[in-house]
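A.B. asks: quick one, structure for this:
(one chain, ligands or ions: 1)
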Amino acid sequence: MVQCEYTETCAFYKEGMADRPAIANMMRKKYCARNQSACARYMIIKTVGKDRVPVDLVPNDVDTARNIIAEG
Ligand code: SF4
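C.D. replies: Here you go, the predicted structure:
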């Protein structure tokens, strides 16, 4: 899989987690670089739209993503 198409605009990709830069970098490699379809932020963008993505949502918080998507 190729790099996520939203890296230019994604708040997580650009800013990561200020207090945990090592974990943020690990997530960029795990999700942004090769498996964006598993990313919580990506799931929301693709279903209910980028405006619904919480600014601080991390890629592995799929439960939150599912709740937001279920709300429609
Ligand atoms: S955090 Fe998710 S939506 Fe953002 S650039 Fe990475 S894979 Fe794409």
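
A.B. asks: list the contacts of stretch 40-49.
C.D. replies: Applying CB atoms under 8 Å, 6 or more residues apart in numbering, the external contacts of stretch 40-49 come out as 4, 6, 10, 12, 31, 36-37, 50, 52-53, 57-62, 64-66, 68-69, 71-72. Every C-beta, even on glycine, is put in place using the N, C-alpha and C of the backbone.

A.B. asks: and with 6 Å instead?
C.D. replies: For stretch 40-49, the external contacting residues (CB atoms under 6 Å, 6 or more residues apart in numbering) are 12, 36, 52, 53, 57, 59, 61, 62, 65, 68, 69.

A.B. asks: helices - which of these land there?
C.D. replies: The helices, defined by DSSP state H, take in 12, 62, 65, 68, 69 from these.

A.B. asks: what parts of this structure come near the ligand?
C.D. replies: For the chain, the residues in contact with the ligand (CB under 6 Å from any ligand atom) are 4, 6-7, 10, 12-13, 31-32, 36, 39, 41-42, 59.

A.B. asks: drop anything exposed from these.
C.D. replies: Among these, the ones that count as buried by 16 or more other CB atoms under 10 Å are 4, 6, 10, 12, 13, 31, 32, 36, 39, 41, 42, 59.

A.B. asks: related to what we said a few turns ago, which of the ones in helices among the contacts of stretch 40-49 are buried?
C.D. replies: Listed as buried from those are 12, 65, 68, 69; burial here means 16+ other CB under 10 Å.

A.B. asks: with those residues in mind, which one is nearest to the ligand?
C.D. replies: Of all these, residue 12 has the smallest distance to the ligand: 4.1 Å, by CB to the nearest ligand atom.

A.B. asks: okay then, goodbye and thanks.
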